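J.: build the 3D model from these lines:
(chains A and B, ligands or ions: 1)
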Amino acid sequence: MTAYACVGQPLPKADGIEKITGRTVYMHDFKLPGMLHGRIKFADRVSARIVSIDTSEAERVPGVRAVITAHNTPEVRFGFLKDNTALKKDRVRQYRDEIAAVAATTPEAAEEAVRKIRVVYEDLPAVFDPEEALGPDAPLVHEADPRGKPLEDNRLRLPWKVEAGDLEQGEAAAVHVAEGEYDVGWVTHCCMGTSGCVAVFDGRGDLTVYSNTQIPSLAKTDFQEALKAMGVRGRVRVVNAAIGGGFGSKLDTYAYEYIAILLAHRTRRPVKVEFDREEEFVATSPRQPARIRVRQGCDADGRLTFRHISMVLDNGAYTSWGATTPTVMMMPATSLYRVPNVRFEATCVYTNNTYCQAMRGYGTPQVTFAIETNLDELADKAGLDPYEMRLRNANEPGETTPQGFEVTTCGHRECLEAVAERLDWAGKRGQGEGGGRKRRGVGMACLLHVGGGAKIYKSDGCGTLIKMDDQGYVDVFSGSMDIGQGLDTVLRQIVAETLGIGTDRVNVIVGDTDVCPWDVGVHASRSTFVAGNAALGAARMIRDQILAFAEQLTEAPREILDLRDGQVVCQEDPSKNLPLEKLLYKAHFAKTGNTMFMASHFYEPDTRLLAGDFKGNYSGTYTWGCHGVEVEVDVDTGHVEIVRYVAAHDVGRAINPLLLKGQVYGAVLMGIGYALTEEMIFEQGRLRNANFRDYKILTARDAVPVETVIVETDDPAGPFGAKGIGEPGLVPTAPAIANAIYDAVGVRLHTLPMKPEVVLRALLDRDGGPGPA
Amino acid sequence: MARFAYHRPATVDEALGLLADLGPDAVPVAGATDVWVNLRSGKLAPRALVSLRAVPGLAGLDRSDDGLTLGACATHAAVEDDSWIAGRLPALHMACSQVGSRQVRNVGTVGGNLCNAAPSADAAVALLLYDAVCRVEGPGGGRDVPLDGFFLGPGRTALAPGEILTGIRVPVPRGRTVAGYHKLTRRKAMELPILGVGVRVTLDDGGAVSEARVALGVAGPTPVRCPGAEAALAGGPLTAERVEAAAETAAREARVRDSWRGQAWYRRHMIRVLIPRILLGC
Ligand SMILES: Cc1cc2nc3c(=O)[nH]c(=O)nc-3n(C[C@H](O)[C@H](O)[C@H](O)COP(=O)(O)OP(=O)(O)OC[C@H]3O[C@@H](n4cnc5c(N)ncnc54)[C@H](O)[C@@H]3O)c2cc1C
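T.: Now for the predicted structure:
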């Protein structure tokens, strides 16, 4: 592969020093003159009729400037199915429902006022189990859809189903079949920075929302719609503060943002709503739970003949992007390994639980846990080494999968081989079942993820503007957003490489809809690929402009001119080399024909929105990977220690290996948390563990070394060959660990997290130990 | 969070005077790692905090042949960093070294851990093993309260209103001793125990167990000793059978509960597993 000056270099994050020295302005640091503090009164019921809301006492608290409810503000609807409202009028459907809100001069006054709001409820029946919610007598979470049409049951009208090949034929051809049910619960993003925003109207009625959204352009559209509902004629600008973590939590707009807008409009003052940690746990939307049934089979040689996956997802009380995750779960369900006959169907169900959203992996951690654990079980039945089984079915470059994905580059096999070698798979597998209290085992699991955007919205594009001054400094205005993942560093490298200048000459501006072009948002591991390609396209235009000008100036033909090390380089006659600054100066201050260089480019990947049958190529390229882990299981306590962890990914090309590894380290730790420790504990729809004492995100002391293997396949569609890597690092973590636990102690676990008591229970049940009584 | 006054008395007498004057509206505070959480959640809304941290001598560690006297305001970190304690009172050292994180241990105090009287208090379980005695000062003078009788219920201690804990005397066991504290958690830091198990046996010259202590955290409304298990250990040599029997008794006697933090069967089973682990290393 070609070697580059900037691309491929392990540059530290451009924003790193600002962040570690505390200078970065996060939402928590952000203030405007005259700003009020908003606070929300959440319901303390899970399902109820709101009989009355008394705000009179709250209004009398000194410093209070406004108290709003659904009764004194216009209705603002939002969400994927528009089944949610900013403030609830007469019905509570989940314990985090917004009943009222206060704006006051201090956070303390706002808090006191919220405490003094009196609500009378009449409790209604509630349902918390999605399968119960599908039953004929289940209480309805929504009696009608947003248009008022009565609903008969709690099933969401979303057609998540894809089928390819002939399932019955695949079943008939199978010699071995494995079948199982896998249960995964809620986990949440745990962003270091909690959610918040400041809304402010100017004298013309134009709204600015200072936000930490992952979707500036779509949020702008959402807020514009809210203004329409409020009967306000202004326009909207979304400006981002620095974001203290996203992971999907900020992929949709939330009620608190509309409440800030309503309060700002009512008070004519800037209003900030900022969550404390408990509110962050309670009032943002987690990864959703699923009960997943998998049945797959293989022939006598271990080649997969069919796979059938069906699942029920707990949507919670309202609908956000969480309900659309099956469109991405379909991808590994149909296309991870070569399986000719596949069927996938998913049902999302309303319950009175918290409503769910996107979280890193967008459904694939759930479904991959089921597929990859089940595949190990199938290998067992077929008498095959699970590694061998995976190799036999590994995806290949150039194939078109049953769902219609056009695989270009594919390093699936290389990733498998790298993991097996690093882990000493052959030497270590099957050694666990000896004596002793601590037994070791190895396990692996693979992943397939979108690596070139994901067309689940009408456009998957990103716009970029670039301007260059006459000294060779470049400003890049990207529609995308840096949420900590390192986009601004990567864009610097791409633009600097293209223009033959140093990265210190490149400035990246993101997160202001008045300045930056449109982008669908930071999700689907798409930003390096899509925003990278957009920046690359614009930078190439500038390069062309410069070289065209250089051709006139040097009278050397374009073909032998290049931009390198801040110079126009003439390959055949170095005496014609020209410092870039000189050229830029000459262009700007020419006697005639004065010019400066600027360009714009909107990049839309050459992909298709999934049609009615959910088939077609919805990503510009695909990312592959394999994780391998060695664990040590304490058979007396059920504790699982990670001894070694190897994560191999086909990333196309590592634009910045340092940042790439950072993404993988962080993701693997998030994945280990999902596998072993983390769970949101809901009892009757109420979250019990809304703090870091009881929500067991891993600490620094729990971090394990992760050996990363970067497989580079130089993807033709990616910027300098790169594919996305933001999410993949946590996708196969849980099944790899589950498979390693099996290798160590011989029990299969089908639920997450595999906390010590779960492992221990499984061991005791198998060995006829003391019962749970 | 409600507003409150913050006092920093320089002597024990001044502290006692302030507490007497301010009455039930005042709360004594050391590292505030428990107090602050309760202030933030609204569980506690005092008019005044009386900090004991500026009182000279209350944070000291006093080591002698007889044992250790810990000032009530000695931090967990001070215990963690003390090799004398690590050598002679290993269970206490293990317990204090595992509280929260180093940042929490830098400010959180052993006295605060006792006075907070949580069923999960790590240092409390370890101190029960060593027959620690609390030194209490109050408006009516001073008194000694054995730790065994200090805890009355969750969050309730033998301290009368206006009284404070000033120190904890911890005798060093005489004779060959095996002791340890096992904190059962899911993570390696920032955890309250799902279960805390402490055991000490001291052997006489003939190798028989002359003194046995078994104490548990999160196995009842307060940190508790297990007299039945102690009796099962005492009297003879430290054999596997004796240890198994003690573990079984402790598991049976423990008042463990089902909660979303941990199930009763698991806690009970782990008592059975961890007591032998501490004593026999298996
Ligand atoms: C993040 C975090 C992690 C934690 N992890 C653990 C853990 O792993 N294990 C554990 O056991 N605890 C843990 N705790 C709880 C707490 O840190 C400990 O209980 C600590 O020892 C309390 O000491 P303190 O000095 O901070 O007490 P404070 O908060 O100052 O006081 C606690 C209570 O004791 C009273 N008090 C304090 N000193 C005196 C005195 N001398 N006389 C009379 N009354 C007094 C106060 O009025 C209050 O009621 C944790 C707390 C936090 C915030």
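J.: starting at the chain centroid, how far to stretch A:307-317?
T.: Mean-position distance between stretch A:307-317 and its chain equals 19 Å (Cα atoms, centre = their mean, to the nearest Å).
J.: what is the mean pLDDT for it?
T.: The average of the pLDDT scores along stretch A:307-317 is 98.
J.: repeat for stretch B:227-243
T.: The average pLDDT within stretch B:227-243 is 96.
J.: list the buried ones in that stretch?
T.: For stretch B:227-243, a neighbour-count test (16 or more other Cβ atoms under 10 Å in any protein chain shown) marks B:228, B:229, B:230, B:232, B:233, B:234, B:238, B:242, B:243 as buried. Where C-beta positions appear, they are placed from N, C-alpha and C, glycine not excepted.
J.: and stretch B:259-276, by the same measure?
T.: Per 16+ other Cβ under 10 Å, stretch B:259-276 contains these buried residues: B:261-276.
J.: from the residues you listed, which land in strands?
T.: Per DSSP state E, strands hold no members of the buried residues of stretch B:259-276.
J.: ignoring the adjacent residues along the chain, who's closest to the closest residue to the ligand within chain B?
T.: Closest residue of chain B to the ligand, Cβ to the nearest ligand atom: residue B:112 (2.2 Å). Nearest non-adjacent residue to residue B:112, counting by Cβ to Cβ, 6 or more residues apart in numbering or on different chains: residue B:30, 4.3 Å away.
J.: and the one you found, how far from chain A?
T.: Counting by Cβ to the nearest Cβ, to the nearest Å, the gap from residue B:30 to chain A is 20 Å.
J.: ok, how many other residues are close to that residue?
T.: Residue B:30 has 29 neighbours, counted by other Cβ atoms under 10 Å in any protein chain shown.
J.: helices or strands up against the lengthiest helix in chain A?
T.: Longest helix of chain A, by residue count under DSSP state H: helix A:532-554. When contacts are defined as 3 or more Cβ pairs under 8 Å, 6 or more residues apart in numbering or on different chains; DSSP states H and E, helix A:532-554 sits against strand A:462-468, strand A:474-478, helix A:487-499, strand A:561-564, strand A:567-570, strand A:578-579, helix A:580-588, strand A:598-603.
J.: switch the cut-off to 7 Å
T.: strand A:462-468, strand A:474-478, helix A:487-499, strand A:561-564, strand A:578-579, helix A:580-588, strand A:598-603 (3 or more Cβ pairs under 7 Å, 6 or more residues apart in numbering or on different chains; DSSP states H and E).
J.: out of these, nearest to the ligand?
T.: The ligand sits nearest to helix A:487-499 of all these, at 33.3 Å, using Cβ to the nearest ligand atom.
J.: distance from the chain centre to that closest one, please.
T.: On Cα atoms, centre = their mean, the centre of helix A:487-499 falls 23 Å from that of its chain.
J.: isn't the residue nearest to residue B:112 right up against residue B:73?
T.: Yes: look at residue B:30 against residue B:73 with Cβ atoms under 7 Å: they come within range, at 5.0 Å.
J.: confidence score at the residue sitting furthest away from the middle of chain A?
T.: Distance from the C-alpha centroid of chain A peaks at residue A:591, with 52.2 Å (Cα atoms, centre = their mean). In this prediction, residue A:591 carries a pLDDT score of 89.
J.: cool, the one 10 residues further on as well?
T.: Here, the pLDDT recorded for residue A:601 equals 98.
J.: so it touches residue A:464, yeah?
T.: Yes: contact criterion Cβ under 7 Å: residue A:601 and residue A:464 qualify, at 5.5 Å.
J.: so which of the two has more stuff around it?
T.: With neighbours defined as other Cβ under 10 Å, residue A:601 and residue A:464 compare such that residue A:464 has more, 30 against 20.
J.: just list whatever residues bridge to that one.
T.: Judged by DSSP bridges, the bridge partners of residue A:464 are residue A:478, residue A:601.
J.: show me the contacts for it.
T.: A:476, A:477, A:478, A:479, A:517, A:534, A:535, A:538, A:600, A:601 (Cβ atoms under 7 Å, 6 or more residues apart in numbering or on different chains).
J.: give me that answer again for 6 Å
T.: Taking Cβ atoms under 6 Å, 6 or more residues apart in numbering or on different chains, we find residue A:464 in contact with A:478, A:534, A:535, A:538, A:601.
J.: before we move on, what about residue B:182?
T.: Contact analysis of residue B:182 by Cβ under 6 Å, 6+ apart lists B:197, B:274, B:278.
J.: helices and strands around the strand or helix carrying the last one, which ones?
T.: Put plainly, it is residue B:278. Assigned by DSSP states H and E, residue B:278 belongs to helix B:264-280. Under the contact criterion of 3 or more Cβ pairs under 6 Å, 6 or more residues apart in numbering or on different chains; DSSP states H and E, helix B:264-280 touches strand B:176-184, strand B:195-203, helix B:240-253.
J.: name the stretch among those that sits most buried.
T.: Neighbour counts (mean count of other Cβ atoms under 10 Å in any protein chain shown) averaged over each of the helices and strands packed on helix B:264-280 peak at strand B:195-203, with a mean of 26.
J.: helix or strand for residue A:307, which one?
T.: Using DSSP H and E, residue A:307 sits within strand A:304-316.
J.: residues of that strand that come out buried?
T.: A:304-316.
J.: identify the farthest-apart pair in these.
T.: Spatially, the most separated pair among those is A:305 and A:316, at 36.6 Å (Cβ to Cβ).
J.: can you count the residues close to the nearest residue in space to residue B:110 that is not next to it in sequence?
T.: Computed as Cβ to Cβ, 6+ apart, the closest residue to residue B:110 that is not its neighbour in sequence is residue B:123, at 5.0 Å. By other Cβ under 10 Å, the residues close to residue B:123 number 29.
J.: using PDB, list the CA coordinates for whatever helix or strand residue B:123 lives in.
T.: If you go by DSSP H and E, residue B:123 is part of helix B:122-129. C-alpha atoms of helix B:122-129 as PDB (Å, rounded to 0.1, in the frame of the first residue of the first chain):
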ATOM      1  CA  ASP B 122     -15.800  -2.600  55.400                       C
ATOM      2  CA  ALA B 123     -13.700  -1.300  58.300                       C
ATOM      3  CA  ALA B 124     -16.400  -2.100  60.800                       C
ATOM      4  CA  VAL B 125     -16.300  -5.800  59.900                       C
ATOM      5  CA  ALA B 126     -12.600  -6.000  60.200                       C
ATOM      6  CA  LEU B 127     -12.500  -4.100  63.500                       C
ATOM      7  CA  LEU B 128     -15.100  -6.500  65.000                       C
ATOM      8  CA  LEU B 129     -12.500  -9.300  64.500                       C
END
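J.: helices or strands next to it in the packing?
T.: In terms of contacts (3+ Cβ pairs under 6 Å, 6+ apart), helix B:122-129 is packed against helix B:90-97, helix B:110-116, strand B:195-203, strand B:209-217.
J.: that helix close to the ligand?
T.: Yes: judged by Cβ under 6 Å from any ligand atom, helix B:122-129 comes into contact with the ligand at residue B:122.
J.: re the thing from before, and the contacts of residue B:182, which is closest to residue B:5?
T.: residue B:197 (41.4 Å).
J.: how about the contacts made by the closest one?
T.: B:182, B:274.
J.: how about residue A:226?
T.: Listed by Cβ under 6 Å, 6+ apart, the contact set of residue A:226 reads A:76, A:258, A:261.
J.: quick check: phi and psi on the first one?
T.: Same thing as residue A:76. Backbone dihedrals for residue A:76, given as degrees, to the nearest 10, come out at phi -110, psi 110.
J.: great, nothing more from me.
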